[in-house]
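Colleague: sequence unknown, structure follows:
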Ligand SMILES: Nc1nc2c(ncn2[C@@H]2O[C@H](COP(=O)(O)OP(=O)(O)O)[C@@H](O)[C@H]2O)c(=O)[nH]1
Ligand SMILES: Nc1ncnc2c1ncn2[C@@H]1O[C@H](COP(=O)(O)OP(=O)(O)O)[C@@H](O)[C@H]1O
């Protein structure tokens, strides 16, 4: 579907809830530009930028990186995106970050993946990623065609340093304490849309239907200020 009016969306959910997986499907179906804060941080770590090296220990310990650092990184990256529809994945994760985004862009919709913590813990230890692209696999759910190899490029897959059971627990705590208040923030603005379940394949058709409807409604009002 071609997008005529700009849609600014955020995808939220605990670590491992399927944000990356669902984002991939949204990009494929609706052609939004996708920006993942985790991918951006990991690419800084990989290319050993000063910021990447500073943030690595924070990430490996399952803590959030400081608000000012991530807000600056994301908002700089978004400078050229003001004329396109986008999907932010992993940002904002605190109310302070949500406010800094609000100062620059209006968010039209927030897709909240509500997946139980118990389901998530099992998933993350069997997650494999192709780091350069952010493509994500799972031994049980969507295994690569050849074990350990990215389907598209043939390059090796890796496991994330922060996908160990202890660090996953710390990330879930950070989610409860720091990120859940962001859901309230967006709920009070009337833009939060929650999708609950334990399987991405069952959640996805609802997300897809919601976005189709949303885009249709937006396109009917083309001409209004974006
Ligand atoms: N078993 C199972 N694994 C899933 C499902 N949906 C996603 N995954 C896997 O769970 C892991 C976390 O998903 P991801 O999209 O990376 O979540 P994110 O951390 O919220 O971005 C990945 O290895 C996915 O392949 C599902 O419905 N069932
Ligand atoms: N918006 C953010 N604010 C603070 N830290 C972040 C943010 N986004 C990502 N991070 C850091 O990067 C890590 C990995 O994030 P991400 O790839 O989104 O993974 P997941 O959703 O599986 O936790 C987080 O645990 C955190 O340390």
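Modeller: Done, it's in. Remember, predicted model here, so these are calculated numbers, not experimental data. Ligands and ions are numbered 1, 2, ... in the order given.
Colleague: tell me how many other residues crowd residue 34.
Modeller: For residue 34, the count of nearby residues is 18 (other Cβ atoms under 10 Å). From N, CA and C alone the C-beta is placed, and that goes for glycine too.
Colleague: how far away is it from residue 162?
Modeller: For residue 34, the distance to residue 162 equals 21 Å [Cβ to Cβ, to the nearest Å].
Colleague: how about the strands of this protein, start to end?
Modeller: Ranges of strands within the chain are 8-12, 33-36, 86-89, 109-114, 127-130, 135-138, 192-196, based on DSSP state E.
Colleague: between those, which one is closest to residue 149.
Modeller: For residue 149, the closest of the strands of the chain is strand 127-130, at 8.9 Å, according to Cβ to Cβ.
Colleague: near ligand 2, which residues of this structure are found?
Modeller: By Cβ under 6 Å from any ligand atom, the residues of the chain that approach ligand 2 are 15-16, 19, 37-38, 41, 58-59, 62-65, 70, 90-93, 97, 162, 171.
Colleague: filter those to the buried ones?
Modeller: Using 16 or more other Cβ atoms under 10 Å as the burial test, these include 15-16, 19, 37-38, 41, 59, 62-65, 70, 90-93, 97, 162, 171 as buried.
Colleague: just give the number of residues close to the nearest residue to residue 89 once chain neighbours are set aside.
Modeller: In this structure, residue 89 finds its nearest non-sequential neighbour in residue 36, 4.3 Å apart by Cβ to Cβ, 6 or more residues apart in numbering. Look at residue 36: counted by other Cβ under 10 Å, it has 20 neighbours.
Colleague: also the one 3 residues further on?
Modeller: Close neighbours of residue 39, defined as other Cβ under 10 Å, add up to 19.
Colleague: so what's the nearest residue to it once chain neighbours are set aside up against?
Modeller: Spatial nearest neighbour of residue 39, chain neighbours left out: residue 134 (4.3 Å); criterion: Cβ to Cβ, 6+ apart. Residue 134 makes contact with 20, 36, 39, according to Cβ atoms under 8 Å, 6 or more residues apart in numbering.
Colleague: mind redoing it with 10 Å?
Modeller: By Cβ atoms under 10 Å, 6 or more residues apart in numbering, residue 134 lies in contact with 20, 23, 24, 34, 36, 38, 39, 40, 42, 43, 89.
Colleague: now stretch 77-95, how far from the centre of its chain.
Modeller: Distance of stretch 77-95 from its chain centroid, counting by Cα atoms, centre = their mean, to the nearest Å, is 10 Å.
Colleague: list the buried residues of that stretch.
Modeller: By 16+ other Cβ under 10 Å, the buried positions in stretch 77-95 come out as 78, 85, 86, 87, 88, 89, 90, 91, 92, 93, 94, 95.
Colleague: give me the pLDDT for the last one.
Modeller: Meaning residue 95. With respect to pLDDT, residue 95 scores 98.
Colleague: show me what contacts the residue most central in space within the chain?
Modeller: Centroid check for the chain by Cα atoms, centre = their mean gives residue 89 as the closest residue, at 2.2 Å. By Cβ under 10 Å, 6+ apart, the contact set of residue 89 is 9-13, 19-20, 22-24, 26-27, 34-40, 111, 134.
Colleague: is ligand 1 contacted by the lengthiest helix in the chain?
Modeller: The single longest helix within the chain, with elements called by DSSP state H, is helix 200-220. Yes: against ligand 1, helix 200-220 shows contacts by Cβ under 6 Å from any ligand atom at 200, 201.
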